[in-house]
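A.B. asks: please work out how this folds:
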Amino acid sequence: MRPATAPDHLDITADDGVRLTADHYRAPAEGEAQGAVLIRTPYGRAQYAAQAYAWCRAGYDVVVQDVRGRYGSAGAWNPYDKEGADGAATVRYLAGNGLLRGPLILAGASYDAHCAVEAARVLEKERAPEETRRPVAAAPKPLAVVAMVPALGLCETAREPDGTPRLRDRIGWWHQHGFGKESGHPLPAAELRRIYRQAEERGMDWMIHNLMDDATYGPGSTAGWKRLWDATPADLHALYGQLNTPLLMISGQRDFFVAEAANLVRAWGSAAPRTLVETLWGPWGHRLANDLGAGAAAALRQQGGLMARIKDFLAAASGWDPNGAQPGPLGDRRPPVLQWEPGDQPHTWHWAPATPETLPHHLNNHGES
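C.D. replies: You can find the predicted model right below:
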């Protein structure tokens, strides 16, 4: 299979007229594309070439878009704002201009996963028969969402499930990514420790109102930082419980947001019987397979990496009937959770079905333990 060509440049107009910029990678010409993957990110679309080409080698077209207010896209950057509407507008543009070859997959890791799940929510809502809603051009229903180590919202990233502030992590992320058109350099470790100690000593009220200010980070920074800490938890069941778009969640025991990933799995499709929800689980953190030791990483590569399991899930999703009256052969016999774990022999690893008891949270998507 020959390499994919360089991407085409796309300018896409959001519903309110803001211009959003994307790169469109096409799979190699031999045969039909397996589908089209949309990744929306605040981290700079140029950084995603390797990921895009990995999807292309697997047979998929890929669109990587800068979110509103970041890098090539116009508008104001307000984290966790408008990602659903902008994602849906992007899908309508791609469909209306004949740029979707095959089914649509919404994918992403960390913040990008939030963009994917929100786009799925808005797209399903647009297709609902509501007499009061504003008519919009038809957009395809996604084949599936692939959400990896998701960072689901302001509150979900700012605080542990028990309400404890994730202060060190948020200082680091917002300093680097939270303000401005492009990401800056990360705080040096010693400086981050100093600022974190200062925030702890002076207390949350001082930290919220003084730590990230307009003078240092630009107009609106003080308000944006305060908005983070004022945010309330998202009602995941209300947001995603009605969805029947298949979801593949990829999470790991060492990820920052493992509890939030489990909560999303439980909520997704909980009010929509037979929604296909699966989880890939492993001994990694927020960097996924890059966090594995040499032996585990080599074994995973030999089995096709995470991409092999993703393609297996997408094949199941393509034949899944959420409205089937009787349980069918697809999905019902598939393990809802697979765990990457050591084998019986030394230095061997494999995927194995996991039970809820092996995980920190029950992962039954209908809320049953």
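
A.B. asks: helix/strand/coil for Gly295?
C.D. replies: Here Gly295 takes the helix state, with states given by DSSP: H, G, I helix; E, B strand; the rest coil.

A.B. asks: next, count neighbours for it.
C.D. replies: Neighbours of Gly295 under the rule other Cβ atoms under 10 Å: 13. Glycine gets a C-beta too; all of them are placed from N, C-alpha and C.

A.B. asks: where does it land on pLDDT?
C.D. replies: At Gly295, the pLDDT value in this model is 93.

A.B. asks: ok, it touching Pro346?
C.D. replies: No. Using Cβ atoms under 8 Å, Gly295 is not in contact with Pro346, being 9.6 Å away.

A.B. asks: would you say Gln65 is within a strand?
C.D. replies: Yes. Counting by three-state DSSP, Gln65 is found in a strand.

A.B. asks: check contacts around it.
C.D. replies: By Cβ atoms under 8 Å, 6 or more residues apart in numbering, Gln65 lies in contact with 10, 12, 20-23, 38-41, 45, 73, 90.

A.B. asks: Ala189: which of those is nearest?
C.D. replies: Nearest to Ala189 among those, counting by Cβ to Cβ, is Thr41 at 25.2 Å.

A.B. asks: my guess is that closest one meets Gly108, correct?
C.D. replies: Yes. With contacts counted by Cβ under 8 Å, Thr41 reaches Gly108, the gap being 6.9 Å.

A.B. asks: those two: which is more packed in?
C.D. replies: Each of Thr41 and Gly108 has its neighbours counted (other Cβ under 10 Å); Gly108 has more, 28 against 21.

A.B. asks: which pLDDT does the model give the closest residue to that one other than its chain neighbours?
C.D. replies: Excluding the flanking residues, the one nearest Gly108 by Cβ to Cβ, 6 or more residues apart in numbering is Ala116, at 4.5 Å. Reported pLDDT at Ala116 in the predicted model: 98.

A.B. asks: for Ala116, what are its contacts?
C.D. replies: Each residue near Ala116 by Cβ under 8 Å, 6+ apart is listed here: Leu38, Ile39, Arg40, Gly87, Leu106, Ala107, Gly108, Val145, Val146, Ala147.

A.B. asks: kindly report the same for Leu264.
C.D. replies: Val117, Ala147, Pro150, Leu152, Leu236, Tyr240, Leu247, Met249.

A.B. asks: for the one helix or strand the last one maps to, give the mean pLDDT please.
C.D. replies: For Met249, the element it lies in under DSSP states H and E is strand 247-252. The predicted model gives strand 247-252 an average pLDDT of 96.

A.B. asks: one step back: in strands only, show me the contacts of Gln65.
C.D. replies: In this view, these that belong to strands under DSSP state E are Leu10, Ile12, Leu20, Thr21, Ala22, Asp23, Leu38, Ile39, Arg40, Thr41.

A.B. asks: for the fourth one, which non-adjacent residue is spatially closest?
C.D. replies: It refers to Thr21. Gly72 (3.4 Å).

A.B. asks: from Leu20, how far out is the one you found?
C.D. replies: 8 Å (Cβ to Cβ, to the nearest Å).
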